[in-house]
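J.: pasted the sequence and its predicted model underneath.
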Amino acid sequence: MENGKSGWWRAPAFVVLCGCLIALITYGLRTSFGLFAEPIGATRGWSPEVFALAIAIQNIVWGIGQPFAGAIADRYGSARMLAAGGALYALGVALMAVSPTPLTFNLTAGVLVGIGLSGGSFTIVIAALGRLVPEEKSSAAMGLATAAGSLGQFVFAPLGQAFLAGYGWQTALLLLAALMVVVPVLAAALRGRGETAARASDEPALPARDAVRQAFGHGSYLLLVAGFFVCGFHVAFITTHLPAHIADVAGHSHGGHAGMNTAGPAVAAWSLALIGLFNVAGSYGSGLLGGRYSKRKLLAAIYLSRAVVIALFITLPPTPTVVLGFAAAIGVLWLSTVPLTSGLVAVMFGTRHLGTLFGIVFLSHQVGAFLGVWLGGVAFERTGSFAPIWWAGIALAIFAALIHWPIVERRAPRFSAPQPEV
């Protein structure tokens, strides 16, 4: 039997483990970027809008590149794409440390890291695992990969802060870039495993171009694309600007909230870490629930809960307890949308073109991310507050909850039965 000769490094459990470690490193590292906004701006003499624009460019480049990276992974395998993406990602992070002008920073932190993320991020891992594991367990596997990315946020937020405090921001970026070297090594475990196989229940063997055209003619897919825009807006805005928001409220704290003055940087780092920690449970839990209950209803509930949590955060007194409580609550809801959204794509269209079709949905996510990051910087520059974007996030969360409700949760008509072989 082949399984007995191939060795433990070919076992599905080991492949899943390596995929999860890739998600942990690649997603976790980028969530620490918000900690670098203030020290880079202070050293270079840049306004907050400069850093925000670079990260916004990173998000949109990541999104634009994702469908293409997904299509290449669908056709040629995930291992090569993850290895190449991880190498470019590491190079971009290292060059961030020596970018002397806003233009070069946009090219390194924005374009190069964005391209690296499109090929080396958890979205490619999710598509590979979606094909690797049995259909009845795919939702849980997608949740596990997403949870691993969240665990990375818990690891890298305090790690990035420790590097910053101990070595300064330039050396900290170089150290973080060095950790990315293991990604191409881990990617080798996904070689030839699951990424090219199609399940018997999958859709007809349509060319990718035809599959995309059919998807855009399916109303439920378009609603899913629109809804994931909102997730990107929330996640990118909070990841990038929450440390600055905490520093801002700490600077305006008086009396009973004076503790924020001295604890601001530590609270910021731990808030990002708590988001990641609590999203481990949120992401994996949503993956398990998505295998048993309606994915569209779960998504509507998640977005509505986000509106409530954000509203409480910006109206309650800005104490460390409130900040950390918000981080824990939003963490449960953070990337719990990902296994449900990717799972709905698989329900509608199967897994043959999952990397491509989920990549397009993810592009919408990154358009939202671009606007969340960039508008956050613009709002603070113009008004001295992030409040307008917090309120916009509440309105968008309610919108997303409403548009997920009418999604039809079954196979799209043109993908419902295999074509006969000729």
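T.: Yep, that arrived.

J.: please count neighbours and contacts with C-alpha atoms only from this point.
T.: Noted.

J.: pull out the buried residues from the helix or strand Ala300 falls within.
T.: Using DSSP states H and E, Ala300 maps to helix 295-315. Buried residues in helix 295-315, defined by neighbour count with 16 or more other Cα atoms under 10 Å: 295-307, 309-310, 313-314.

J.: chain center to it: distance?
T.: Centroid separation between helix 295-315 and its chain, computed with Cα atoms, centre = their mean, to the nearest Å, is 18 Å.

J.: can you map out the strands along the stretch 151-300 of the chain?
T.: Taking DSSP state E, counting those that start in this stretch as the criterion, the stretch 151-300 of the chain carries no strands.

J.: can you pull out the low-pLDDT segments for it?
T.: Regions of the stretch 151-300 of the chain meeting the criterion pLDDT under 70 cover residues 192-208, 250-265.

J.: just to revisit the earlier point, tell me the angle whichever helix or strand comes after the helix holding Ala300 makes with helix 295-315.
T.: Following helix 295-315 in sequence order, the next helix or strand is helix 320-332 (DSSP H and E). Helix 320-332 runs at 170 degrees relative to helix 295-315, counting by axes from the mean of the first three to the mean of the last three Cα atoms, to 10 degrees.

J.: mind giving me the packing neighbours of the helix or strand just after helix 320-332?
T.: Downstream of helix 320-332, the next assigned helix or strand under DSSP H and E is helix 337-349. Applying 3 or more Cα pairs under 8 Å, 6 or more residues apart in numbering; DSSP states H and E, one finds that helix 337-349 makes contact with helix 138-167, helix 219-251, helix 259-290, helix 295-315, helix 354-383.

J.: make a markdown table out of these and add distance to Ser121.
T.: Compiled in a markdown table, these are given as follows (distance: least, Cα to Cα, whole Å):
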| stretch | distance to Ser121 |
| --- | --- |
| helix 138-167 | 9 |
| helix 219-251 | 15 |
| helix 259-290 | 16 |
| helix 295-315 | 22 |
| helix 354-383 | 11 |
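
J.: show me the one of those that comes nearest Met348.
T.: helix 219-251 (7.9 Å; Cα to Cα).

J.: ok, Ala127 touching Arg352?
T.: No. Here Ala127 lies out of contact with Arg352, judged by Cα atoms under 8 Å, at a distance of 9.4 Å.

J.: more neighbours: the two, which one.
T.: For Ala127 versus Arg352, neighbours defined as other Cα atoms under 10 Å are more numerous around Ala127 (30 against 27).

J.: quick one, phi psi at the more buried one?
T.: phi -60, psi -40 (degrees, to the nearest 10).

J.: gap between it and Ala13?
T.: As defined by Cα to Cα, to the nearest Å, Ala127 lies at a distance of 16 Å from Ala13.

J.: again, but for Ile57
T.: Distance from Ile57 to Ala13, by Cα to Cα: 36 Å.

J.: the more surrounded of these two?
T.: For Ile57 versus Ala13, the count of surrounding residues by other Cα under 10 Å is larger for Ile57: 27 against 12.

J.: while we're on the more buried one, how confident is the model there?
T.: pLDDT recorded at Ile57 is 89.

J.: which residue sits closest to it, ignoring its sequence neighbours?
T.: What sits nearest to Ile57 in space, not counting adjacent residues and going by Cα to Cα, 6 or more residues apart in numbering, is Gly110, at 4.8 Å.

J.: run a quick neighbour tally on that neighbour.
T.: Neighbours around Gly110, by other Cα under 10 Å: 27.

J.: please name the residues that touch it.
T.: By Cα atoms under 8 Å, 6 or more residues apart in numbering, Gly110 lies in contact with Ala54, Ile55, Ala56, Ile57, Gln58, Asn59, Val61.

J.: the third one sits in which helix or strand?
T.: Using DSSP H and E, the element containing Ala56 is helix 48-76.

J.: please name every helix or strand in contact with that helix.
T.: Under the contact criterion of 3+ Cα pairs under 8 Å, 6+ apart, helix 48-76 touches helix 37-44, helix 78-96, helix 113-120, helix 122-132, helix 354-383.
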